[in-house]
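Colleague: sharing a sequence plus its predicted fold:
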Amino acid sequence: MASAKKFMERIIAKNPGEPEFHQAVKEVITSIMPFIEKNPKYEKAKIIERMTEPERVIMFRVPWLDDKGEVRVNRGFRIEMNSALGPYKGGLRFHPTVNLGILKFLAFEQVFKNSLTTLPMGGGKGGSDFDPKGKSDNEVMRFCQSFMSELFRHIGPDTDIPAGDIGVGDREIGFLFGQYKRLRNEFTGVLTGKGLNWGGSLIRPEATGYGCVYFMQEMLKTRGESLKGRVCAISGSGNVAQYTAEKVIQQGGKVVTFSDSNGFIYDEDGIDGKELACVLELKNVKRGRIKECAKMFDCKYYENKRPWNVKCDIAFPGATQNEITEDDAKALVKNGCIAVGEGANIPTTPEGIKVSQDANILYGPGKAANAGGVATSGLEMSQNSLRLSWSREEVDKKLRDIMIAIHEQCVKYGKKGNYINYVNGANIGGFVKVADAMLDQGLV
């Protein structure tokens with residue numbers, strides 16, 4: 001497609017040194033350009049040009065004091081990408097790899113993901129190159145307070161509602177919210193992922209993982225399959241991976257791997273509920289490394305490896321971007337994998353996606369499969385606005401219904417013959433709603 005190629009040349013020239021953003025835009029453009037060509041109203045209004053340009057980019061310094069009394073300086077960001085459907089919504093990431101290009105890619109993805117949920121949310125993303133690992137609670141608190149001292153002027157319950165992401169959990173959300181409340185003198189639903197006793201929603205910690213499994217179940221149903229008895233390889237060991245594993249085990253599947261940035265563990269007999277509880281304590285409380293579980297579980301540990309060479313039926317990449325390469329995808333196919341459900345954002349390279357699709361594997365892209373987290377954040381926003389708290393069962397049912405609705409949109413826009421291209425379905429389904437809203441609202 002010459003038009004898609006020319007468009008990407010302009011994107012790369014205009015956004016140099018941002019390969020992750022280029023990758024995210026290219027994936028979407030490849031899917032939606034044929035649809036745009038059939039619907040010239042979008043081309044005439046330059047919708048895709050407008051969607052790839054953030055409405056606002058905020059970058060700021062974050063000075064803070066460490067426990068030795070020394071001044072440290074980090075960089076903070078907030079990318080307010082698109083508000084056609086509602087206030088900006090998307091997480092904050094605290095990690096040394098955070099930079100403008102990565103956050104633009106995440107914000108761009110978030111626009112489509114939030115659109116697919118059917119909830120009234122725009123898309124955004126933010127964070128800092130601050131690394132909370134190895135920092136004391138007091139150091140994290142001082143950083144969060146400094147970060148929010150600038151961010152607070154750009155966010156609000158009807159403007160921009162951040163949430164957590166990598167490096168931003170319950171502790172960080174609490175410190176951020178406390179500083180916002182102090183500065184604005186108001187108690188509002190400006191952040192999601194809050195503690196249950198001060199405005200949070202039940203199921204929110206579990207939502208991304210649970211939603212990913214619900215989406216996988218819908219994909220498997222299209223082929224008369226289920227999770228029961230299936231061997232599942234999961235990467236990561238944080239929030240997404242933990243609750244993906246919990247739901248897989250509840251549904252009768254067998255989880256055999258967890259990983260972190262240093263390597264992965266492999267338990268051929270399957271990780272049970274008791275062992276999963278150990279992982280949760282290790283990662284959420286002790287903040288240790290996954291290799292410590294090898295001794296606890298008496299299982300194998302592979303240093304500096306990813307878990308895509310083990311035999312499995314289903315893969316759930318739940319760590320970070322581009323963790324499944326072309327070779328990894330080939331290994332999964334060779335080992336009998338029938339489905340991939342992305343818990344992370346763009347965890348598979350374009351070459352890896354092609355391998356999966358060419359092998360007729362059920363491939364659920366992150367913007368659809370992991371939308372359960374932001375969907376439940378949207379439900380938390382609703383509860384905050386109503387000053388209500390829904391039961392665990394109510395939230396879980398709403399989450400499942402949303403994931404079913406997302407799957408239906410993917411099928412509607414991605415089915416061709418007997419094959420469902422979930423990448424095309426998610427991209428086109430997410431695009432149409434945002435694009436039509438932008439048309440309705442004029443040149444904004």
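Modeller: In hand now; what should we look at?

Colleague: check the spatially closest residue to I271 that is not a sequence neighbour and give its pLDDT.
Modeller: Among residues not flanking I271 along the chain, V255 sits closest, at 4.7 Å (Cβ to Cβ, 6 or more residues apart in numbering). Any C-beta I mention is one placed from the backbone N, CA and C, and that applies to glycine too. Looking at V255, its pLDDT reads 98.

Colleague: count of neighbours near V255?
Modeller: Burial of V255 is recorded as 27 neighbouring residues (other Cβ atoms under 10 Å).

Colleague: beta-bridge partners for it, please?
Modeller: Residues in a beta bridge with V255, per DSSP bridges, are C232.

Colleague: and it, how far from S237?
Modeller: 11 Å (Cβ to Cβ, to the nearest Å).

Colleague: okay, now the domains of this protein?
Modeller: Domains of the chain are assigned by automatic domain parsing as 2-187, 207-364.

Colleague: same list (these) but as TSV, adding distance to D401.
Modeller: Output for the domains of the chain, formatted as TSV (distance: least, Cβ to Cβ, whole Å):
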stretch	distance to D401
domain 2-187	10
domain 207-364	9
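
Colleague: do you know which of the ones you listed lies nearest G442?
Modeller: Across the domains of the chain, G442 has its closest neighbour in domain 2-187 (9.2 Å, Cβ to Cβ).

Colleague: average pLDDT across the closest one?
Modeller: Taken as a whole, domain 2-187 has an average pLDDT of 96.

Colleague: show me where the stretch 101-250 of the chain has its helices.
Modeller: For the stretch 101-250 of the chain, the helices defined by DSSP state H, counting those that start in this stretch occupy 137-151, 170-184, 207-221, 239-250.

Colleague: burial check on I47, number of neighbours?
Modeller: Applying other Cβ under 10 Å, we find 21 other residues in the vicinity of I47.

Colleague: with I324 instead?
Modeller: If we define neighbours as other Cβ under 10 Å, then I324 has 27 of them.

Colleague: could you check the pLDDT of it?
Modeller: Predicted confidence (pLDDT) for I324: 97.

Colleague: how about the contacts made by it?
Modeller: The contact partners of I324, by Cβ atoms under 8 Å, 6 or more residues apart in numbering, come to R306, W308, A315, P317, L332, V340, P347, T348, T349, G352.

Colleague: got JSON lines for those residues, with distance to P16, neighbour count and secondary structure too?
Modeller: Shown next, in JSON lines, are the contacts of I324 (distance: Cβ to Cβ, whole Å; neighbours: other Cβ atoms under 10 Å; DSSP: H, G, I helix; E, B strand; the rest coil):
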{"residue": "R306", "distance to P16": "29", "neighbour count": "20", "secondary structure": "coil"}
{"residue": "W308", "distance to P16": "31", "neighbour count": "26", "secondary structure": "helix"}
{"residue": "A315", "distance to P16": "33", "neighbour count": "30", "secondary structure": "strand"}
{"residue": "P317", "distance to P16": "28", "neighbour count": "35", "secondary structure": "coil"}
{"residue": "L332", "distance to P16": "33", "neighbour count": "28", "secondary structure": "helix"}
{"residue": "V340", "distance to P16": "31", "neighbour count": "28", "secondary structure": "strand"}
{"residue": "P347", "distance to P16": "25", "neighbour count": "24", "secondary structure": "coil"}
{"residue": "T348", "distance to P16": "25", "neighbour count": "27", "secondary structure": "strand"}
{"residue": "T349", "distance to P16": "21", "neighbour count": "19", "secondary structure": "coil"}
{"residue": "G352", "distance to P16": "25", "neighbour count": "24", "secondary structure": "helix"}
